[in-house]
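Asker: model this:
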Amino acid sequence: MWKNCDQLIKHLELKLIQSDLLEVRDIMGDYSTDVIGTCAFGLQLNSIVDNNSLFRKLGRAMFAPSIKLQLKDMFQYISPVLRKMLKITDFPKFATDLFENFFRQTMEYREKNHITRNDFVQCMLQARTDLVINKSELSVSFKEMDIIANAFFLFLAGFETVSTTMSICLYELALKKPIQDRVREEILTAKSNHNSDLNDGFLAELPYVEMVLAETLRMYPPLSIIFREASKSYQVPGEDLVIEKGTKIAIPAYSLHMDPMYYPDPITFNPERFTPEEKAKRPSGVYMPFGEGPRQCLAFAEIEMKLALSEILSKYEIEPCEKTDAPMKFKKLTLNTVPKNDIWLKFKRLDL
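Answerer: Alright, predicted model coming up:
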């Protein structure tokens, strides 16, 4: 991650020679694509410097808004049988085929050349051996496509939500200079304490950065609605309602995050909502930008965002410009939170 972050800063410096106005969402997307490629798949994708990166194009295609995507989600919860009859798929076939071929080749190459790495691909290879080849004694039958599907969704989850969150966080900090200054002060102090070594100790000394990221995710949750299916019947406490096994449930994450009962003045960006004291006052289940429980977002997303923000804000002051879309508008026909327009910000080099 640190190497990817270093490449990000070098790329920013080159772009800022041409103009001090940058579109940050595309830049953050390149960075998060490279991080997921390196950390999960052991690949040097070079999306940051390669505008024609195949994986970057793949990622963009996955989240392109469309009426077909909306119909797919509608049929999933109204008539899954009809959806199957109409052969409506979750993602563009060319993209899923491309990823399937790539991941199969990666697994075959590693096995053939006896390559072992401490990454997600290695975990999937082991899972493939245990669950598909050796047929572990489980009540559930696994196929090789189940292994590939897990890898595919890790790739999807690892770049779009992270890049959008980082971009919107920079946007809010550009509009809220006192908060940006406090974030920068914390980062510089932590860097000084660790001789600019971006290690675990450094990351642990960024509680206010964590609060800023949490508030960003509250106001702009990656998924406005989280869909689940009841695995068993459940009696709602204090109510006559019983959610039967198999019932499909829509959890309105955005509505919970904007409920003044839990978050007074919810349209105001206020990281102080996430002090330990304030968090302790709220019930569980009213903050879930990535879901809840053991299957919520992977922890390395927070590390990835902390590193990028630390490097950018310790070197640059971020300001809005004439191209900044304020207030921010969002695209329709998408389930994930996507800005309607590009996020343009002004970067000023700091002389520290």
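
Asker: list the contacts of Glu205.
Answerer: 186, 189-190, 193-194 (Cβ atoms under 8 Å, 6 or more residues apart in numbering). C-beta coordinates here come from the backbone N, C-alpha and C atoms, glycine included.

Asker: quick one: it from Leu156, how far?
Answerer: For Glu205, the distance to Leu156 equals 32 Å [Cβ to Cβ, to the nearest Å].

Asker: that older thread, now for the contacts of Glu205: which two are most distant?
Answerer: Glu186 and His194 (12.8 Å; Cβ to Cβ).

Asker: the more surrounded of the two?
Answerer: Under the criterion of other Cβ atoms under 10 Å, the comparison of Glu186 against His194 puts Glu186 first, with 19 against 16.

Asker: mind listing what's buried along the helix or strand where the more buried one lies?
Answerer: Element membership for Glu186 (DSSP states H and E) is helix 177-193. Neighbour-count burial for helix 177-193, counted by 16 or more other Cβ atoms under 10 Å, picks out 179-180, 182-184, 186-188, 190-191.

Asker: how about stretch 196-208?
Answerer: For stretch 196-208, burial by neighbour count (16+ other Cβ under 10 Å) applies to 198, 202-203, 206, 208.

Asker: how far does it stretch from one end to the other?
Answerer: Using Cα to Cα, to the nearest Å, the span of stretch 196-208 from its first residue to its last is 18 Å.

Asker: do a quick rundown of the strands in this protein.
Answerer: For the chain, strands defined by DSSP state E occupy the ranges 21-23, 226-229, 234-235, 242-243, 248-251, 316-319, 344-349.

Asker: next, format the ones you listed as a markdown table and append mean pLDDT.
Answerer: Formatted as a markdown table, the strands of the chain follow (pLDDT from 0 to 100):
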| stretch | mean pLDDT |
| --- | --- |
| strand 21-23 | 95 |
| strand 226-229 | 85 |
| strand 234-235 | 94 |
| strand 242-243 | 96 |
| strand 248-251 | 87 |
| strand 316-319 | 97 |
| strand 344-349 | 96 |
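
Asker: any chance of those strands in CSV, with mean neighbour count and distance to Ser79 too?
Answerer: Conversion of the strands of the chain to CSV gives the following (neighbours: other Cβ atoms under 10 Å; distance: least, Cβ to Cβ, whole Å):
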stretch, mean neighbour count, distance to Ser79
strand 21-23, 18, 40
strand 226-229, 15, 15
strand 234-235, 12, 24
strand 242-243, 12, 20
strand 248-251, 12, 12
strand 316-319, 19, 47
strand 344-349, 17, 42
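
Asker: got these as JSON lines, with distance to Glu302 columns?
Answerer: Shown next, in JSON lines, are the strands of the chain (distance: least, Cβ to Cβ, whole Å):
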{"stretch": "strand 21-23", "distance to Glu302": "24"}
{"stretch": "strand 226-229", "distance to Glu302": "19"}
{"stretch": "strand 234-235", "distance to Glu302": "30"}
{"stretch": "strand 242-243", "distance to Glu302": "31"}
{"stretch": "strand 248-251", "distance to Glu302": "22"}
{"stretch": "strand 316-319", "distance to Glu302": "20"}
{"stretch": "strand 344-349", "distance to Glu302": "22"}
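
Asker: ok, residues contacting the helix holding Glu186?
Answerer: Helix 177-193 is contacted by residues 172-174, 198, 201-202, 205-209, 212, 269, 271, 309-310, 313-314, 317-319, 352 when judged by Cβ under 8 Å, 6+ apart.

Asker: and the lengthiest helix in the chain with strand 344-349, angle?
Answerer: Determined from DSSP state H, the single longest helix within the chain is helix 144-175. Helix 144-175 and strand 344-349 meet at an angle of 70 degrees, taking axes from the mean of the first three to the mean of the last three Cα atoms, to 10 degrees as the criterion.

Asker: surely Thr165 is in contact with Leu223?
Answerer: No: taking contacts as Cβ atoms under 8 Å, Thr165 lies outside contact range of Leu223: 11.7 Å.

Asker: more crowded one of the two?
Answerer: Each of Thr165 and Leu223 has its neighbours counted (other Cβ under 10 Å); Thr165 has more, 25 against 17.

Asker: give me the number of residues near the nearest residue to Thr116 once chain neighbours are set aside?
Answerer: Distance criterion Cβ to Cβ, 6 or more residues apart in numbering; nearest residue to Thr116, sequence neighbours excluded, is Gln122 at 6.3 Å. If you count neighbours by other Cβ under 10 Å, Gln122 ends up with 15.
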